[in-house]
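Novice: Need coordinates for the below:
(one chain, ligands or ions: 1)
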Amino acid sequence: MTPAPLLTVRDLRVVIGSRHILHGVDLEVAASGTTALLGRNGAGKTTTVRGILGLVPRTGSVLLAGEETVRLATHALVRRGIGYAPEDRGVFAALSVAENLRLAERPGAGEPAYGLVHDLFPELRRRARQAAGTLSGGQQQMVAIARTLLNGNRLIIADEPTKGLAPKVVTEVAQVLERAAEAVPVLLVEQNLAVVRRLARHCVVLADGRTAHRGLTADLLADAEAARRLLGVGSTGHGDPVRAPAGRSLHLAARPAAPLPEADT
Ligand SMILES: Nc1ncnc2c1ncn2[C@@H]1O[C@H](COP(=O)(O)OP(=O)(O)OP(=O)(O)O)[C@@H](O)[C@H]1O
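Specialist: Residues are numbered from 1 along each chain as shown. Below you'll find the predicted structure:
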């Protein structure tokens, strides 16, 4: 029997000012592993994440492990165990790596999971005293993900963690995310389909502020017509960087220097 989803979103709507941005998003985040949230630029992925987190006014239903959270404030959601690695990483440049991690400690959430974090990110232990602003983009991303793992969160939401990173670093971050998802389910907003293919068993595709597709990632990427229509890619072959003519679509940017490890399944 398939386990119940960890997160179930129904008819999520967001209006900012007079602008209707989400018109009814439905999605589930699986109780284990990674679920990808996909869609062309401007489809509403970040707004969906911000809606789930209560960072924008929203209506609809957001069930976390069966509990309705749509009327909760962000701080209450965080206390219920949602960790967020935002698109801009949210790292404090002037503070050390250790201080950045310490800021994420949550009183009352039990002992911070430094063992898990240092096991996943030995580099962060070595660089504990280094100012976070002097880290590479990939290392800063590791700090952002590490912070979500410290507090025994039930769900991690990572918004475009590989954006702007060099191919080799994309591979490193993908491996880190893969290990993180062994500990905690991940909702991953990601443009890099090689990463999505590798990490996410399930995916949800948004278009124009609505859910346009839900299903197995492998099925979507195997269907060239659906991938073109929903994601704007001309091919979903491994490492094939075909962009739609408009240049506003998802891309298969990971032609990693070292190939992403093959999936087990
Ligand atoms: N605060 C805001 N005020 C007005 N419009 C907004 C606001 N935030 C987002 N939008 C608009 O809503 C739409 C969806 O934006 P969103 O950032 O959620 O898309 P996205 O799928 O994450 O895109 P990208 O892949 O480019 O990050 C876009 O047209 C964007 O310009």
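Novice: So the nearest residue to Val117 once chain neighbours are set aside: helix, strand or coil?
Specialist: Nearest residue to Val117 in three dimensions, chain neighbours excluded: Ala146, at 4.6 Å (C-beta to C-beta, 6 or more residues apart in numbering). Quick note: C-beta positions are derived from backbone N, CA and C, even for glycine. When classified by DSSP: H, G, I helix; E, B strand; the rest coil, Ala146 comes out as helix.
Novice: what pLDDT does Ala146 get?
Specialist: For Ala146, the model assigns a pLDDT of 93.
Novice: ok, now how distant is it from Thr134?
Specialist: 17 Å (C-beta to C-beta, to the nearest Å).
Novice: out of the two, which sits in the busier spot?
Specialist: Taking other C-beta atoms under 10 Å, Ala146 and Thr134 do not tie; Ala146 has more neighbours (24 against 12).
Novice: show me what contacts that one?
Specialist: 101, 117, 120-121, 124 (C-beta atoms under 8 Å, 6 or more residues apart in numbering).
Novice: Just these: which are in strands?
Specialist: In strands, defined here by DSSP state E, there are no members of those.
Novice: Which pair of these spans the longest distance?
Specialist: Leu101 and Leu120 (12.3 Å; C-beta to C-beta).
Novice: Neighbour count: the two, which is higher?
Specialist: Leu101 (24 against 21).
Novice: What pLDDT is listed against the more buried one?
Specialist: So Leu101 comes in at 94 (pLDDT).
Novice: Could you give the separation of the helix or strand that contains Arg228 from the chain centroid?
Specialist: Here Arg228, judged by DSSP states H and E, is contained in helix 224-231. Chain-centre distance of helix 224-231: 21 Å, with C-alpha atoms, centre = their mean, to the nearest Å.
Novice: Check stretch 171-180 too.
Specialist: Computed by C-alpha atoms, centre = their mean, the separation of stretch 171-180 from the middle of its chain amounts to 12 Å.
Novice: Averaged pLDDT, that stretch. What do you get?
Specialist: For stretch 171-180, the mean pLDDT works out to 89.
Novice: buried set for that stretch?
Specialist: Buried residues in stretch 171-180, defined by neighbour count with 16 or more other C-beta atoms under 10 Å: 171-178, 180.
Novice: Make CSV out of those residues and add secondary structure and distance to the ligand.
Specialist: Below are the buried residues of stretch 171-180 laid out as CSV (DSSP: H, G, I helix; E, B strand; the rest coil; distance: C-beta to the nearest ligand atom, whole Å):
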residue, secondary structure, distance to the ligand
Thr171, helix, 21
Glu172, helix, 22
Val173, helix, 17
Ala174, helix, 18
Gln175, helix, 23
Val176, helix, 21
Leu177, helix, 18
Glu178, helix, 22
Ala180, helix, 21
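Novice: mind listing the helices in the stretch 51-200 of the chain by residue range?
Specialist: 74-79, 97-103, 114-120, 122-126, 137-149, 167-183, 193-199 (DSSP state H, counting those that start in this stretch).
Novice: Pull out the buried residues from the first one.
Specialist: What that stands for is helix 74-79. So helix 74-79, judged by 16+ other C-beta under 10 Å, has buried residues 77-78.
Novice: for the record, mean pLDDT for that helix?
Specialist: In this model, helix 74-79 carries a mean pLDDT of 91.
Novice: Residues in contact with it: which ones?
Specialist: So helix 74-79 is contacted by 53-55, 64, 69, 84, 106, 109 (C-beta under 8 Å, 6+ apart).
Novice: Stretch 111-122 now?
Specialist: Identification of contacts with stretch 111-122 by C-beta under 8 Å, 6+ apart yields 101, 104-106, 124-125, 142, 145-146, 149-152, 176, 179-180, 183.
Novice: same question for it, mean pLDDT?
Specialist: 89.
Novice: how long is that stretch from one end to the other?
Specialist: End-to-end distance of stretch 111-122: 19 Å, with C-alpha to C-alpha, to the nearest Å as the criterion.
Novice: Pull out the buried residues from it.
Specialist: Of the residues in stretch 111-122, 112-114, 116-118, 120-121 count as buried by neighbour count, 16+ other C-beta under 10 Å.
Novice: can you pull up the bridge partners for His202?
Specialist: Note on His202: beta-bridge partners by DSSP bridges are Thr35, Leu216.
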